[in-house]
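S.K.: for reference, the sequence and a predicted model appear below.
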Amino acid sequence: MSFVYKICSKNEWNKAIIEKIYSGSEVDNRDGFIHLSTKKQLKETVAKHFKGQENLLIICFRVLKIKDKLKWEISRNEELFPHYHGNLETNKAEEIYNLNLNANSVHEFPENFFS
């Protein structure tokens, strides 16, 4: 697994850029770690936790750059999910993608994202 992904609002990420660290969403802070997903887990994560939300981003992190505080823990469907225990430095983000809603209020991943 080379990359893991965080779904967050544009406002959250813009604040993180100013502060140079992403300390997580309200849910992340409540749970004590930053929830991440593999590419394979992303569609279900978005459908389950972000349905109908606008102004979202997909933040891509290279596992090798964040492995010091990354733990793989059992979560939904008894699958191992990547959880980051700490604050993520924004300069460790590899790529940032918009996650837009279509006319039917369904999220559309960037073209060729899953190929």
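M.R.: Received the coordinates, thanks. Fair warning: this is a prediction, and the values are worked out from it, not measured in the lab.
S.K.: could you list every helix and strand in contact with the longest strand along the chain?
M.R.: Counting residues, the longest strand in the chain under DSSP state E turns out to be strand 93-101. Applying 3 or more C-beta pairs under 8 Å, 6 or more residues apart in numbering; DSSP states H and E, we find strand 93-101 packed against strand 56-62, strand 107-108. Backbone N, C-alpha and C define where each C-beta goes, glycine included.
S.K.: now for the helix or strand following the first one, which elements pack on it?
M.R.: The C-terminal neighbour of strand 56-62 among helices and strands, as given by DSSP states H and E, is helix 63-66. In terms of contacts (3+ C-beta pairs under 8 Å, 6+ apart), helix 63-66 is packed against strand 3-9.
S.K.: hang on, the earlier thing: dump the helices and strands packed on strand 93-101 into TSV; add mean pLDDT, distance to Asn77 and mean neighbour count as well.
M.R.: Below are the helices and strands packed on strand 93-101 laid out as TSV (pLDDT from 0 to 100; distance: least, C-beta to C-beta, whole Å; neighbours: other C-beta atoms under 10 Å):
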stretch	mean pLDDT	distance to Asn77	mean neighbour count
strand 56-62	98	21	20
strand 107-108	94	20	16
